[in-house]
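Novice: okay, here's the prediction I keep looking at, along with the sequence it came from:
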Amino acid sequence: MPDTSLSLRKAAGFRQTLAAVFLTVGMSATVGGALLFQQVGGYIPCALCLEQRTPYYVAIPLAVLAVVARLARLKPAVTRGLLLAVGLLMLWGFALAVYHAGVEWRFWAGPADCTMAAPVDLGGDLLSTLDSVHPPSCADAALRILGLSLAGWNAILAAVFAAVALRSALARGDRFA
């Protein structure tokens, strides 16, 4: 009779590897897209937009470490711990995105200091540059795609990333590996 626990371990390890790769690529694409909107599209992010990137900046290296841990055949608990941390970070990102989307829809007030320092061109007249650039308000969506602001889309993506990471971290099949 074949050893079914071995096949369960291999399947769970493959699922964790696949989840870690998906999370690494997906979260990197999300941050890359935000940076493209900023640098190429000219959309200046508000303070809440910038704050929403923080969970990604922490979670992406953890997802990369989860891939490395699986490829190095470290104990599954290491990979599960890293994926759990990614999942919790993405829950934090989801909460930030929902909060920001709620501010944009006027469901609740945003922070009183919801502005950011504008990028400064040091090659020109500094005072003129500071006077001409006005940071965006967190309450005004710079762009809506299919009716959702970028914060709304971030809420959806962060929820998907959290679900994938937490499901993979808490999967039963790898407990004995």
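Specialist: That came through, no problem.
Novice: going by C-alpha atoms from here, please, whenever you check contacts or count neighbours.
Specialist: Noted.
Novice: and the residue most central in space within the chain, what does it touch?
Specialist: Residue closest to the mean C-alpha point of the chain, counted by C-alpha atoms, centre = their mean, is residue 56 at 3.7 Å. For residue 56, the contact set (C-alpha atoms under 8 Å, 6 or more residues apart in numbering) comprises 27, 28, 31, 89, 90, 93.
Novice: highest neighbour count among those residues?
Specialist: Counting neighbours by other C-alpha atoms under 10 Å, residue 90 leads these with 28 neighbours.
Novice: that residue is in contact with residue 164, isn't it?
Specialist: No - assessed by C-alpha atoms under 8 Å, residue 90 is found out of contact with residue 164, at 10.0 Å.
Novice: in this protein, what spans have low per-residue confidence?
Specialist: Across the chain, residues meeting the criterion (pLDDT under 70) sit at 1-12, 115-135, 139, 145, 172-177.
Novice: how does it look with 90?
Specialist: The chain contains residues with pLDDT under 90 at 1-16, 34, 37-50, 73, 76, 100, 102-152, 171-177.
Novice: now the residue nearest to the centre of the chain: which helix or strand?
Specialist: Following DSSP states H and E, one finds residue 56 within helix 47-71.
Novice: just send the contacts of residue 56 back as TSV, with distance to residue 68 and secondary structure too.
Specialist: TSV is the format used below for the contacts of residue 56 (distance: C-alpha to C-alpha, whole Å; DSSP: H, G, I helix; E, B strand; the rest coil):
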residue	distance to residue 68	secondary structure
27	17	helix
28	16	helix
31	21	helix
89	19	helix
90	20	helix
93	24	helix
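Novice: just the angle between the host helix or strand of residue 102 and helix 47-71, please?
Specialist: Assigned by DSSP H and E, residue 102 belongs to helix 76-104. In terms of direction (axes from the mean of the first three to the mean of the last three C-alpha atoms, to 10 degrees), helix 76-104 departs from helix 47-71 by 160 degrees.
Novice: buried stuff in helix 76-104?
Specialist: 76, 78-104 (16 or more other C-alpha atoms under 10 Å).
Novice: against which helices or strands is that helix packed?
Specialist: Secondary-structure packing of helix 76-104 (3 or more C-alpha pairs under 8 Å, 6 or more residues apart in numbering; DSSP states H and E): helix 4-39, helix 47-71, helix 150-169.
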